[in-house]
Each structure stands twice: as structure tokens, then as C-alpha cells.
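Student: starting from these lines, generate the structure:
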Amino acid sequence: MTEALPQKTRVAVVLPCYRVLPHIQKTLAGIGPEVWRIFVVDDACPDQSGDFVKRHCRDPRIEVLYHEKNQGVGGAVLTGYQAALDAGADIIVKLDGDGQMDPGLVTDVIAPIVAGEADYTKGNRFFDPEGVRTMPRLRLFGNAVLSLMTKLSSGYWNLFDPTNGYTAIHARVARRLPFHKISKGYFFETDILFRLNTLRAVVMDVPMNPRYGTEKSNLKVSRILGEFLFKHLRNFLKRIFYNYYLRDMSLASLELPLGVFFFFSGGFYGACHWARSSQAGVVTPAGTVMLSVMLIVIGLQFVMAFLAYDIASVPNRPLTSS
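Tutor: Numbering: from 1, shown residues only. The predicted structure follows:
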């Protein structure tokens, strides 16, 4: 039976600000009455977004928070999370101020949490084929690649569009997150999924259409590619260790190491004999080739069996259910 939220659910919005001055006022004006409090986090913005909001936005729900030094989008969101938790929020929504997110979708984003179906929700811009056509091709390709890496590292095989920053989280789950360990840069949205998986939290996608205007992203792919690859690999290894060896053991705990062993053993065995035959100027015996291929195929089967088990293990019972 799902835990009932208070009759008047206190929904807080966290809005990190860094170089979003042309769009921040319109974004704040679009936030509806279903939102209880709004926490604007000025992440040492050179445009002094926080002061601008104080001067031009008279909404009594708004509270401006300041960082003396830039901490990145993740650091700004975590500051907002903590402020919302301290204020007594039930659900916390993260909304960017760059104009790409429709504030009118807050109700849709929190709906699965209110219904007790999820602990955390995030937007997905890939549900509607017509909407996808408006997305720049490079961004479309990048999202597809990042989505595959995120599925592997986070364990949430049911999710897509991992860089979508339109998210909502139940306060009870947010309190269990290790804020001091979560990445504070652009890897924040992906890293928090990994942390949620270690808690076995239920995460759901919420369909939404992409919005692109004159805004410019501060994200430079060339600067974060190496960092993302390293952190995805790190989180994948941590997740496998936590879920399959530290907290529990199953048949999948044997399938993955056996699969890796057979695959690389077959490849190494075949490569060594091919090199030796090449140097001697003779044809590699068919039996040697078949043995190498057989080991590789067996390894792949073990790995595929592990992935099938991992996909079936996506959390499906919300932490906020009793």
C-alpha cells in the first residue's frame, strides 16, 4: 500500500542559475500555483542572476541562494535540495532557467511520485517522433550514446535521455542520498541515477517535447567526453560490485566474470596462434580457429545472460511505499 502524501503536497522548485539572465524571468513567471516554494541558486553567476531576480521578480515564493564560488550545476542543485528539505518540502523539482524547460509541466513530472509509482522522475524528449525531429542531429546522436552508457553504469535500462535536467524527487529519498559524493558538474544527472540505483529507488521517464530557442549551452562536449567515459566506467564497476558481490550474490555474479574470461581467453588464444602461423608462413589449423571462436561465443553468451538478468533487475518497488 502506497504511503499517502500530505493533503496539501509541498512542491518545491530548485532553479540553478548561471548565464541564464535573458530567460530566467520568463521561466519563473511560468511556474504555476501548484508549487509551494521556489529556490533560485545563483551559482556565482557573472551576470548576477540572483540580484536580478530579487529586483524584478516579486513572487513571495522565491528565495534566492548564493554561491561565493561556482560549483557547477550539480552543486547548485544540491544546495537547492538541502534548502528545500530544510524548509519541509515533500517533492523537489529541478528546473533549468535557460528556457528549454516548460514550467507548466511540473504537475506532469511529479504525478508518478504523487501517485506512489516512483521515487524519482525525469523528462524524456524522445517519446514523440515529431518532437525529436526538432532536435539538432549532433545532440540527438550524443544523447543516444550517453543513454547507452548511462543504462550500463546506472542499471536503469528503462530510461532514456539521461542529460534531461527536468527532474523530481521525493523528499524521503533525497534525504538518503550522499550529497557529498554526488558529482557537482555536468555529470550530476547521470551520477544521481547511479546513487539512486544503490538505494534501489524506482525511477520513471515522463514524456515531454524538446524546446530550443536562442539559448546557448555552457556544455562543451570536447571538455567533458573523457571525464564522462571515466566516470561511467567507475560507476559501472561500483554498481556491479555493490549489487552482485557485496549486498547479494546470484547466478549473474558468476556469469559476468566467466563471460569476460572466456571472451578474452578466446581472443588471446586465437591472436597468438594467428601471429605464430603468420610468422611461419602457414595456415592456422581449422581446429585452432574453431576453439578460439567457440571460447569467444561462450563468453558472449555468458555476458548476454548477465545483461538479461541485469535488465530484469531494474527496481520496481518504490522506497516510499509501505
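Student: just the helices from the stretch 1-150 of the chain, written as ranges.
Tutor: 21-29, 49-56, 72-87, 106-114, 129-132, 137-154 (DSSP state H, counting those that start in this stretch).
Student: ranking the ones you listed by mean pLDDT, which is last?
Tutor: Across the helices of the stretch 1-150 of the chain, helix 129-132 has the smallest mean pLDDT, namely a mean of 68.
Student: pipe the helices of the stretch 1-150 of the chain into TSV and attach distance to Phe230 and mean neighbour count per row.
Tutor: (C-beta placed from N, C-alpha, C; glycine too.) Shown next, in TSV, are those (distance: least, C-beta to C-beta, whole Å; neighbours: other C-beta atoms under 10 Å):
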stretch	distance to Phe230	mean neighbour count
helix 21-29	32	17
helix 49-56	31	17
helix 72-87	16	21
helix 106-114	30	20
helix 129-132	29	11
helix 137-154	11	17
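Student: may I see these arranged in a markdown table, with distance to Phe187 as well?
Tutor: Putting the helices of the stretch 1-150 of the chain into a markdown table (distance: least, C-beta to C-beta, whole Å) gives the following:
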| stretch | distance to Phe187 |
| --- | --- |
| helix 21-29 | 24 |
| helix 49-56 | 23 |
| helix 72-87 | 7 |
| helix 106-114 | 21 |
| helix 129-132 | 24 |
| helix 137-154 | 10 |
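Student: quick one, which of those helices is nearest to Phe39?
Tutor: Phe39 lies closest to helix 72-87 among the helices of the stretch 1-150 of the chain, at 4.4 Å (C-beta to C-beta).
Student: so which strand or helix has the residue lying closest to Lys181 once chain neighbours are set aside?
Tutor: What sits nearest to Lys181 in space, not counting adjacent residues and going by C-beta to C-beta, 6 or more residues apart in numbering, is Arg195, at 7.2 Å. Per DSSP states H and E, Arg195 falls inside helix 188-199.
Student: and that helix, what does it pack against?
Tutor: Helix 188-199 is packed against helix 72-87, strand 120-124, helix 137-154, helix 221-241, with contacts defined by 3 or more C-beta pairs under 8 Å, 6 or more residues apart in numbering; DSSP states H and E.
Student: mind checking how far the second one is from the chain centre?
Tutor: Pointing back at strand 120-124 there. 9 Å (C-alpha atoms, centre = their mean, to the nearest Å).
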